[in-house]
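Engineer: give me coordinates for this.
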Amino acid sequence: MQKHTIRGLLLIGAVALVLSGCGQKPTSNGTKSPASEPPATGSQTTPPSNVDPTTAEKDMIRLTIKAYYGDEQAAKLVEKEVSINYKEDKDKYTAALWTLKKAPPGSNLIPLADALGFKSAVLKDKQLTVDLTVSGEGRLGAPGEAMLLEALQKTLFQFSEVDSIDILVDGKPAESLMGHMELLHPMKRGK
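Structural biologist: Numbers count the residues shown, from 1 in each chain. Below is the predicted model of the structure:
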């Protein structure tokens, strides 16, 4: 009888660990640091900038791009057209990345990049170097991290001038974003 009790407790513990473990997205209590979320203009999400939004709206370049999110079950990528606003051409990559942090209004899609903060995205010799930070909250499991990497690649490779992407974590090449998937340096456009 004691063996069955111990096995039962171990089974319950394992199930609880799986349900609360890797890949679960924590619920937000509505508090986010100001640096983790860009200012919004209407229904558009734009990267943080030092531009006064009341006077700069007319100076902004507007572009419709494809952004990628997880479906309601976070099982596959869903493509959505979104608009980005940016002041200079070099800022469009960061603006595109910020769209991945927030699902389009009225959708049930999951923003896979919720745990990422985008510091910079610089294009040089057709290679886009993205420096980002990964929050301890909202980390994804292996399937989610794989979808996130695919979303980043599809979002950035839609710009024809980008042939490769090198993702740095806090300024340094990392083996992985969230500990599950290998991060190539650089990732090259698929032929």
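Engineer: so where's this structure uncertain?
Structural biologist: Applying pLDDT under 70 to the chain flags the ranges 1-58, 138, 179-180, 191.
Engineer: how about the helices in it?
Structural biologist: 2-20, 53-56, 92-99, 142-157 (DSSP state H).
Engineer: return the distance of Thr133 relative to Met181.
Structural biologist: 17 Å (C-beta to C-beta, to the nearest Å). For every residue, glycine as well, the C-beta is placed using N, CA and C.
Engineer: those two: who's more crowded?
Structural biologist: Neighbour count, other C-beta atoms under 10 Å: between Thr133 and Met181, Met181 has more, with 19 against 15.
Engineer: OK, contacts around the more buried one?
Structural biologist: By C-beta atoms under 8 Å, 6 or more residues apart in numbering, the contact list for Met181 reads 142, 145-146, 149.
Engineer: swap the cut-off to 6 Å and go again
Structural biologist: 145-146, 149 (C-beta atoms under 6 Å, 6 or more residues apart in numbering).
Engineer: so what's the closest residue to Arg139 other than its chain neighbours up against?
Structural biologist: In space, and not counting its chain neighbours, Arg139 is closest to Met178: 4.8 Å by C-beta to C-beta, 6 or more residues apart in numbering. Neighbouring residues of Met178 by C-beta under 6 Å, 6+ apart: 139-140, 145.
Engineer: make a markdown table out of these and add neighbour count.
Structural biologist: Below are these laid out as a markdown table (neighbours: other C-beta atoms under 10 Å):
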| residue | neighbour count |
| --- | --- |
| Arg139 | 20 |
| Leu140 | 27 |
| Glu145 | 22 |
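Engineer: and which of these is nearest Gln158?
Structural biologist: Using C-beta to C-beta, Glu145 comes nearest to Gln158 of these, at 21.0 Å.
Engineer: so the closest one versus Val134, what's the distance?
Structural biologist: To Val134, Glu145 is 10 Å away according to C-beta to C-beta.
Engineer: swap in Tyr68?
Structural biologist: For Tyr68, the distance to Val134 equals 18 Å [C-beta to C-beta].
Engineer: list of residues touching stretch 161-172?
Structural biologist: So stretch 161-172 is contacted by 126-131, 133, 156, 185-189 (C-beta under 6 Å, 6+ apart).
Engineer: with respect to Gly117, which of the residues you listed is nearest?
Structural biologist: Thr133 (4.4 Å).
Engineer: tally of neighbours for the residue nearest to that closest one when sequence neighbours are not counted?
Structural biologist: Excluding the flanking residues, the one nearest Thr133 by C-beta to C-beta, 6+ apart is Gly117, at 4.4 Å. Residues near Gly117, counting by other C-beta under 10 Å, number 20.
Engineer: how close does Gly117 sit to Ala142?
Structural biologist: 22 Å.
Engineer: with Glu150 instead?
Structural biologist: With C-beta to C-beta as the criterion, Glu150 and Ala142 are 13 Å apart.
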